[in-house]
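Asks: Got a predicted structure plus its sequence, pasted below:
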Amino acid sequence: MKNQSVQLLKTQPDDCCGGDNLLPIDVAVAKGLALAKPVEGFETVSLSALQGRSLINDIHAGFPLPNFNNSAMDGYAVNTENLNDKGPYRLEVTGRMAAGDRDITAGGTVVDSALRILTGALVPPQYDAVIMQENVQVKDNHIVFDNRPKVGTNIRLAGEDCKKGDLVVASGTLLDARHIAMLAAQGIAETSVRRKVRVAIFSTGSELRLPGEVLQTGQIYNSNRYALASQLNQPFIEVFDLGTIRDDFELLKSTTAKAAEMADIIITTGGVSVGDEDHMPKIVTDLGGQLHVMKVAIKPGKPVTVGTIGKTIFLGLPGNPVAAFINQILIGREIIDKLADNAPRAITSYPCQAQFSRQRSSARQEYVPAKVVGKTPAGIPIVKAFKKASSATLLPLVSSDGFVVLPVGLSKVRQGDVLQFIPH
């Protein structure tokens with residue numbers, strides 16, 4: 001089944017926050033990306049610490065791989081020119097080569113003889129094929145075999161993997177074990193990567209308490225702080241956790257100003273809607289910042305806000321935990337990847353068949369926690385949406401396998417409809 005990136009449909013005018021217009025999610029993401037420029041600065045990091053870091057320069061092969069002809073099998077090296085047209089053939093074994101040997105051992109270099117050779121060993125130039133040991137009989141220090149091998153059989157040729165000068169890892173690559181293996185094979189012990197993206201986070205809300213504290217009436221535990229920190233737990237991110245800030249305008253303002261001085265991007269949860277204690281949009285503008293995104297056509301998460309304070313990006317996520325969770329995936333991750341100069345990572349989705357039906361308002365693109373409950377005869381996953389899922393309910397999120405996407409313009413979902421599914 002072919003994966004594809006989620007289609008984020010534009011259905012409303014491109015307007016930041018005027019009137020009742022809702023900004024389409026794809027436009028909101030594009031506006032956020034337009035604000036982001038790769039952070040400046042780099043650091044030199046050893047191979048053991050490169051996982052998940054963004055390469056700052058192209059890496060070209062300094063020498064070919066492999067850098068010498070070597071045996072692909074345990075067996076016997078022969079010179080095919082000295083074999084008659086028809087077998088069986090009988091050759092004396094006059095030497096031995098193992099991986100790491102620089103010279104033939106335990107014998108001479110007679111070209112009409114065979115050489116015992118092990119996987120990875122250098123193939124001397126007088127031999128042009130290797131016969132697998134399973135295909136010979138060994139008798140009295142001789143080998144007997146029936147078929148004449150072709151030139152190059154079971155030999156890894158110098159440069160067949162890559163040639164000197166080939167691009168082996170491109171700038172901007174988010175390094176993983178594959179790339180690190182190539183760098184190691186090229187003898188590169190350390191390399192330059194872009195410095196980490198500095199992300200300052202804090203939660204807003206006088207009702208929030210830390211897990212482990214005793215709750216009083218009207219209070220809840222702060223789940224957003226830990227969920228967001230977990231989502232940001234990436235090797236290319238440095239998190240500055242400023243904690244939980246009560247709904248006090250001046251305290252929130254001073255905390256935001258502090259965050260803007262230390263970070264490339266500020267991510268907050270709560271305080272971005274239209275309630276009496278939703279101070280964050282005004283704080284951004286009071287600090288001389290600009291708001292570029294408000295009121296997005298997404299459910300959950302309509303009040304998500306994107307702006308700037310000086311050179312620092314501000315991302316205000318809703319306070320409801322599911323809304324904060326999905327908007328960090330759809331918007332926050334994209335912006336941070338741009339800051340890190342990571343190669344774009346499309347949000348993976350695939351077709352699914354609905355095993356549910358519902359009426360809905362079609363003005364916003366909706367992301368509903370859903371469970372995979374089977375497959376169609378064609379192999380398409382069948383998903384069932386959680387009935388009681390909302391922006392504030394964590395259990396459906398925890399119990400789900402991902403989100404089923406209900407696009408703008410779809411007012412009724414019927415059993416059997418083909419939709420898109422984003423797996424966790």
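Replies: Right, received. Where do you want to start?
Asks: Do a quick rundown of the helices in the stretch 151-300 of the chain.
Replies: Secondary structure of the stretch 151-300 of the chain, counting by DSSP state H, counting those that start in this stretch: helices at 177-185, 224-231, 249-262, 280-286.
Asks: other SSEs contacting the second one?
Replies: Contacting helix 224-231 under the criterion 3 or more Cβ pairs under 8 Å, 6 or more residues apart in numbering; DSSP states H and E are the following elements: strand 197-204, strand 237-245, strand 265-269, helix 321-327. (Glycine included, C-beta is placed from N, CA and C.)
Asks: Quick one: the ones you listed as CSV, columns for mean pLDDT too.
Replies: Listed next are those as CSV, based on pLDDT from 0 to 100:
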stretch, mean pLDDT
strand 197-204, 98
strand 237-245, 97
strand 265-269, 98
helix 321-327, 97
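Asks: Can you tell me which of these is packed in deepest?
Replies: strand 265-269 (a mean of 29; mean count of other Cβ atoms under 10 Å).
Asks: out of the helices of the stretch 151-300 of the chain, which comes closest to Val413?
Replies: In terms of Cβ to Cβ, the element of the helices of the stretch 151-300 of the chain nearest to Val413 is helix 224-231, at 27.6 Å.
Asks: quick one: the closest one to strand 265-269, angle?
Replies: Between helix 224-231 and strand 265-269, the angle comes out at 140 degrees (axes from the mean of the first three to the mean of the last three Cα atoms, to 10 degrees).
Asks: Now helix 224-231: average pLDDT?
Replies: For helix 224-231, mean pLDDT is 98.
Asks: any chance of the helices of the stretch 151-300 of the chain in CSV, plus distance to Leu315 and mean neighbour count?
Replies: Listed next are those as CSV, based on distance: least, Cβ to Cβ, whole Å; neighbours: other Cβ atoms under 10 Å:
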stretch, distance to Leu315, mean neighbour count
helix 177-185, 29, 15
helix 224-231, 10, 18
helix 249-262, 11, 17
helix 280-286, 10, 19
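Asks: export those helices to a markdown table and tack on distance to Leu339?
Replies: Shown next, in a markdown table, are the helices of the stretch 151-300 of the chain (distance: least, Cβ to Cβ, whole Å):
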| stretch | distance to Leu339 |
| --- | --- |
| helix 177-185 | 20 |
| helix 224-231 | 15 |
| helix 249-262 | 14 |
| helix 280-286 | 18 |
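Asks: contacting residues around Ile188?
Replies: If you count contacts by Cβ atoms under 8 Å, 6 or more residues apart in numbering, Ile188 has them with 47, 59.
Asks: Same check on Glu213?
Replies: Glu213 neighbours (Cβ under 8 Å, 6+ apart): Tyr221.
Asks: residues touching the spatially most central residue of the chain, list them.
Replies: Centroid-nearest residue in the chain: Arg345, 6.2 Å away (criterion: Cα atoms, centre = their mean). By Cβ under 8 Å, 6+ apart, the residues touching Arg345 are 174, 333, 337.
Asks: Would you map the strands across the stretch 301-424 of the chain?
Replies: For the stretch 301-424 of the chain, the strands defined by DSSP state E, counting those that start in this stretch occupy 305-309, 312-317, 348-354, 358-359, 365-375, 381-385, 402-406, 412-413, 418-423.
Asks: returning to what we had before: what remains of the contacts of Arg345 if I keep only buried residues?
Replies: Buried members of these, counted by 16 or more other Cβ atoms under 10 Å: 174, 333, 337.
Asks: okay, those in a markdown table with pLDDT next?
Replies: Below are these laid out as a markdown table (pLDDT from 0 to 100):
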| residue | pLDDT |
| --- | --- |
| Leu174 | 92 |
| Arg333 | 96 |
| Asp337 | 94 |
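Asks: want to try JSON lines for these, with distance to Pro300 as columns?
Replies: Converted to JSON lines, the buried ones among the contacts of Arg345 look like this (distance: Cβ to Cβ, whole Å):
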{"residue": "Leu174", "distance to Pro300": "29"}
{"residue": "Arg333", "distance to Pro300": "17"}
{"residue": "Asp337", "distance to Pro300": "22"}
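Asks: For Pro211, which of the helices and strands packed on helix 224-231 is the nearest?
Replies: Closest among the helices and strands packed on helix 224-231, once you apply Cβ to Cβ, is strand 237-245, at 11.3 Å.
Asks: What strands line up against the closest one, and which way round?
Replies: The strands beside strand 237-245 in its sheet (DSSP bridges) come out as strand 197-204 (parallel).
Asks: quick one: contacts of the partner strand?
Replies: Contact partners of strand 197-204, identified using Cβ under 8 Å, 6+ apart, comprise 39, 222, 224-225, 228-229, 232, 236-247, 252, 255, 259-260, 262-271, 279-280, 319, 336, 339-340.
Asks: shouldn't Ile180 be in contact with Ser46?
Replies: No: here Ile180 does not reach Ser46: they are 10.4 Å apart, not a contact under Cβ atoms under 8 Å.
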